[in-house]
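Chemist: Model the following, please.
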Amino acid sequence: MVTRQSSATGRKLSPISQRANGISPSGIRKFFDLLASMEGVISLGVGEPDYSTPWRMREAAIYSLEQGKTMYTSNLGTPELRQALSRYLLDRYGLDYDSASELLITVGVSEALDLSMRATIDPGDQVIMPAPCYVAYPASVTLSGGEPVLIPTVEASNFEIDAADIEAAVTPRTKAMLVGYPANPTGAVMPREKLAAVADVAKKHNLLVMSDEIYARLTYGVEHTCAAALPGMQERTILLGGFSKAYAMTGWRIGYAAGPREIIAAMTKIHQYTIMCAPTMAQVAALEALRGGEESIQEMVADYNRRRKMFVKGLRDIGFSCFEPKGAFYAFPNITITGMSSEVFAEKLLQEEKVAVVPGNAFGACGEGYVRCCYATSLPELEEALVRIRRFVNKHRR
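Modeler: Numbers count the residues shown, from 1 in each chain. Next up is the predicted model:
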C-alpha cells in the first residue's frame, strides 16, 4: 500500500479514508465472484429475477435508441416519467407528490438510498434499522458519516421490528430510521398495525424515515403497507423504490425517491454532481413499465409464489427451520442442525455441491445461523438445488 508521512506528526498516513476502511466488502458479491469461476453452479445467491425484461419495455427502449434519444435528461428525470410515477403513487397509495419538486429518478434504488443518507445525515447522527438487513443499509449510513444502530429481529416474531425496541434505542443523536419491507433477506412483511406503531415512534421523536420499498409489489397473500401513506408520515418519509425487482429490470439501473421537496432538492444537488441523470433509455423503459407492465407483474408474482411454496417446503423436509416468506423472493432457513457457521456452510455447500447461497451474517450479526436463498430461478434448478442441499446436510448433520 502506498503511504505518506505527515510532516507535522511524523506518523504514516494511509491513502484510504477511514470511512472506506470502516465498511466490509459485500458478503453477497464475495460469493458471486466465487461462483463466477466455477462451472455447473446453481446460484441462489444474487437477488435477481431469472425473467428477461418484458418485451414492451425493451421495445420502447430500442425504439428510443433508434430515434436518437440518447442525450441527457433533466437531473430530476424526464417530466413524462415523473408525471407517470406521480399518478402511480397516487392511484396505489393515495400519496400526492408534485412531479416537479418531490420526485427524483435515480440510478436504481441503491443511488436513492445513498442520496437520502448523504443529504440528511451529519457526522455522529444515528440511524436505527432492523436486522438482518440488506448489506448496503449499514454501509450507506457509515459512508455518510453516521452511525448505524441495528435492532435484531427474530424468526419467532416473523422477523418484524417492534416499536418498543426502536423506542428503547432512541438517543439524543438519533436522527432517522431506515426500514425495508418486504425485507431482504428474510422475506418478512410488516403488518399495517405494527408499522403504524413504528410510525408513531418516528413522530414522537421527530425522526426521519427512509423506507426502502423495492419489493413492494412482490407479496404473497398479504398486503404491503407503504410507510409514507400512514397518517402524518408523508412529511417525514423518504420513499425509495424502483423497477429492478417487480419488472425484472435489474440491469437497467432505474429507481426513484419521493419525499418532502426540501429533502428532494438536497438529494438532487448531490445527484447533479455525481450522476447527472439516470440513463435516458432506462427512463423510457420505466415509463412503459408504469403504463403497461401490470400484467407482467401479476404473472411473475404468481410464478414466484409457486416456487416459494415448493422451495420452502423442500427446505423444511430436509430438516431446516424455515420462516415462510411473505414478500420479496428469498428464503432464510436456519442451518444450525449442521453445526456449521453460516460462512462455513455456504463455502462448503458451494465447494462440495456447487450450490451458491449467502451466509446470514452478511446481513448483520443476528443473521448468524441462517443462509439466504433466492428462489427467483427456475423450478428445475430449485428442485436440483434441494437434492444437492439434502445430500450435503445428510453428510454433515450433527
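Chemist: top helix in this protein by residue count?
Modeler: Ranked by residue count under DSSP state H, the longest helix found in the chain is helix 294-318.
Chemist: So for that one, what gets flagged as buried?
Modeler: By neighbour count with 16 or more other CB atoms under 10 Å, helix 294-318 contains the buried residues 296-297, 300-301, 303-304, 307-308, 311-312, 314-315, 318. Any C-beta I mention is one placed from the backbone N, CA and C, and that applies to glycine too.
Chemist: go on, stretch 322-339?
Modeler: 322-323, 325-336, 338.
Chemist: Next, E147: phi, psi?
Modeler: Dihedral pair for E147: phi -120, psi 110, per degrees, to the nearest 10.
Chemist: got a list of what the closest residue to it other than its chain neighbours touches?
Modeler: Ranked by CB to CB, 6 or more residues apart in numbering and with sequence neighbours excluded, the top spatial neighbour of E147 is Q126, at 4.8 Å. With contact taken as CB atoms under 8 Å, 6 or more residues apart in numbering, Q126 is in contact with G146, E147, P148, V149, T171, R173, T174, K175.
Chemist: how deep is the nearest residue to the first one once chain neighbours are set aside tucked in, by neighbour count?
Modeler: What sits nearest to G146 in space, not counting adjacent residues and going by CB to CB, 6+ apart, is I121, at 4.1 Å. Number of residues near I121 (other CB atoms under 10 Å) recorded here: 23.
Chemist: surely I121 meets M177?
Modeler: No. Counting by CB atoms under 8 Å, M177 is not a contact partner of I121; they are 11.9 Å apart.
Chemist: shared neighbours, these two?
Modeler: In contact with both I121 and M177: V127, using CB under 8 Å, 6+ apart.
Chemist: Can you show me the CA trace of stretch 391-398 as PDB?
Modeler: What follows is stretch 391-398, C-alpha atoms only, in PDB (Å, rounded to 0.1, in the frame of the first residue of the first chain):
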ATOM      1  CA  ARG A 391     -27.200 -34.700   0.200                       C
ATOM      2  CA  PHE A 392     -24.900 -32.100   1.800                       C
ATOM      3  CA  VAL A 393     -27.000 -31.900   5.000                       C
ATOM      4  CA  ASN A 394     -27.200 -35.700   5.300                       C
ATOM      5  CA  LYS A 395     -23.400 -35.800   5.100                       C
ATOM      6  CA  HIS A 396     -22.800 -33.100   7.700                       C
ATOM      7  CA  ARG A 397     -25.800 -33.300  10.000                       C
ATOM      8  CA  ARG A 398     -24.800 -33.400  13.700                       C
END
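Chemist: how far does it sit from the chain's center?
Modeler: Put simply, stretch 391-398 sits 32 Å off its chain's centre (CA atoms, centre = their mean, to the nearest Å).
Chemist: for the record, mean pLDDT for it?
Modeler: The average pLDDT within stretch 391-398 is 90.
Chemist: Can you name the residues in contact with it?
Modeler: Here stretch 391-398 has contacts from I318, G319, F320, I337, T338, G339, M340, K348, L349, E352, E353, V355, using CB under 8 Å, 6+ apart.
Chemist: Which residue comes closest to the third one once chain neighbours are left out?
Modeler: The shortest distance from F320 to any residue that is not its chain neighbour, by CB to CB, 6+ apart, is 4.0 Å, and that residue is P333.
Chemist: looking at the sheet around that neighbour, what are its partners?
Modeler: C322 (DSSP bridges).
Chemist: Tell me the confidence at it?
Modeler: Reported pLDDT for P333: 98.
Chemist: Which of the three states applies to L239?
Modeler: Secondary structure for L239, judged by DSSP: H, G, I helix; E, B strand; the rest coil, is strand.
Chemist: who's in contact with it?
Modeler: L89, L95, S211, E213, C226, A227, A228, A257, A258, G259.
Chemist: Which of the contacts of stretch 391-398 lies at the shortest distance from Y220?
Modeler: F320 (19.4 Å; CB to CB).
Chemist: Tell me who's in contact with that closest one.
Modeler: Taking CB under 8 Å, 6+ apart as the test, what F320 contacts is P333, N334, I335, I337, V393.
Chemist: Out of those residues, flag the one nearest to G364.
Modeler: The closest of the contacts of F320, once distances to G364 are taken by CB to CB, is N334, at 15.1 Å.
Chemist: distance of the closest residue to that closest one other than its chain neighbours from I335?
Modeler: Using CB to CB, 6+ apart and skipping the chain neighbours, the partner closest in space to N334 is S321 (4.3 Å). Look at S321 and I335: by CB to CB, to the nearest Å, they are 9 Å apart.
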